[in-house]
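>>> from the sequence below, what's the structure:
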Amino acid sequence: MPPVIEVSGLYCRYGMTHALSDVSFAVEAGDYLAVVGPNGSGKSTLVKALLGLSSCDEGEITLFGTPLPEFTDWRTVGYLPQNLNLFNPIFPATVSEVVGLGLLAGKRFPKRISRDDKSRIAETLEQMGIADLRHRLIGDLSGGQQQRVMLSRALVNQPKLLILDEPTAALDPETRDRFYALLTEINRNRGTTLILVTHDSATVGNCASKLLYLDKKLIFIGTFQEFCVSPEMTGHFGGAAQHQICRLH
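Below you'll find the predicted structure:
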């Protein structure tokens, strides 16, 4: 079975500035990969490249063994963007309608929600613990509730791969911890491959199976345990910073 994602020799530039240089890695089915790094390290650039939302100068990306330019089965890929302020507070869309948008994306015209689709929406809302919100307007919900709605929209197609770009940035610590627990459940119980871009490396180390540290180039990829005992990473970061990431302090 080919890797879910394979990146080889990726170079991305904005004008004369290198956003990513010679990045290569693979993500296997069932992985839960945390992508971390400082601001400006190229994390969002990498996400956009993986989703085909921006082009890079050199390198190759394959999804499920298919070169990215030839990949068409986007229903197998879910995406939760960094910015959740997608809806005006008075936008008249209910939770069920917002989640249903995740199903419409893969339909041909005319795009309509079928009876089977309604069952899928109801099942997803139940699994996400927000079935009681299905008739509420999206603008009336709290940040944590909106986060679950947007995750439900990304999951309603039952994707094999879910990519999340700093989804907890605007959440309070308690809501953030519940969200991480939910992602762990999705990964372990459904077998969904997860790529989570985050600044919260110390917390996500409790649930992600692998760490990718990016700083315009690939600094490290492997398990958190491998990172924590790596002399090379001690030399790169210093023992105190390495221990902080590993929560050994």
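>>> tally of neighbours for residue 152?
24 (other CB atoms under 10 Å). Heads up, the C-betas are built off the backbone N, CA and C, glycines and all.
>>> wait, a strand at it?
No - looking at residue 152 with DSSP: H, G, I helix; E, B strand; the rest coil, it is helix, so not inside a strand.
>>> check contacts around it.
95, 99, 102, 124-125, 128, 130 (CB atoms under 8 Å, 6 or more residues apart in numbering).
>>> so what pLDDT did it get?
Residue 152 carries a pLDDT value of 91.
>>> can you list the contacts of residue 152 in a markdown table and add neighbour count?
Output for those, formatted as a markdown table (neighbours: other CB atoms under 10 Å):
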| residue | neighbour count |
| --- | --- |
| 95 | 27 |
| 99 | 29 |
| 102 | 23 |
| 124 | 24 |
| 125 | 21 |
| 128 | 20 |
| 130 | 19 |
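>>> turn the residues you listed into CSV, including distance to residue 49, pLDDT and secondary structure.
Formatted as CSV, those follow (distance: CB to CB, whole Å; pLDDT from 0 to 100; DSSP: H, G, I helix; E, B strand; the rest coil):
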residue, distance to residue 49, pLDDT, secondary structure
95, 31, 93, helix
99, 27, 92, helix
102, 22, 85, helix
124, 28, 91, helix
125, 32, 92, helix
128, 29, 83, coil
130, 32, 91, coil
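>>> out of those, what pair is the most spread apart?
Largest separation among these by CB to CB: 102 and 130, giving 14.2 Å.
>>> how about residue 59, secondary structure?
Residue 59 ends up strand, using three-state DSSP.
>>> between the contacts of residue 152, which sits nearest residue 155?
Of the contacts of residue 152, the one sitting nearest to residue 155 (CB to CB) turns out to be residue 124, at 5.9 Å.
>>> just the pLDDT for the closest residue to residue 5 other than its chain neighbours.
Spatial nearest neighbour of residue 5, excluding adjacent residues (CB to CB, 6 or more residues apart in numbering): residue 27 at 4.1 Å. Here the pLDDT value assigned to residue 27 is 97.
>>> over to residue 243?
For residue 243, the model assigns a pLDDT of 76.
>>> mind listing what residue 145 touches?
Taking CB under 8 Å, 6+ apart as the test, what residue 145 contacts is 130, 133.
>>> pretty sure it sits in a helix.
Yes - the assignment for residue 145 is a helix, going by three-state DSSP.
>>> parallel or antiparallel, list what pairs with the helix or strand harbouring residue 164.
Assigned by DSSP states H and E, residue 164 falls within strand 161-165. If you go by DSSP bridges, strand 161-165 pairs up with strand 77-80 (parallel), strand 193-197 (parallel).
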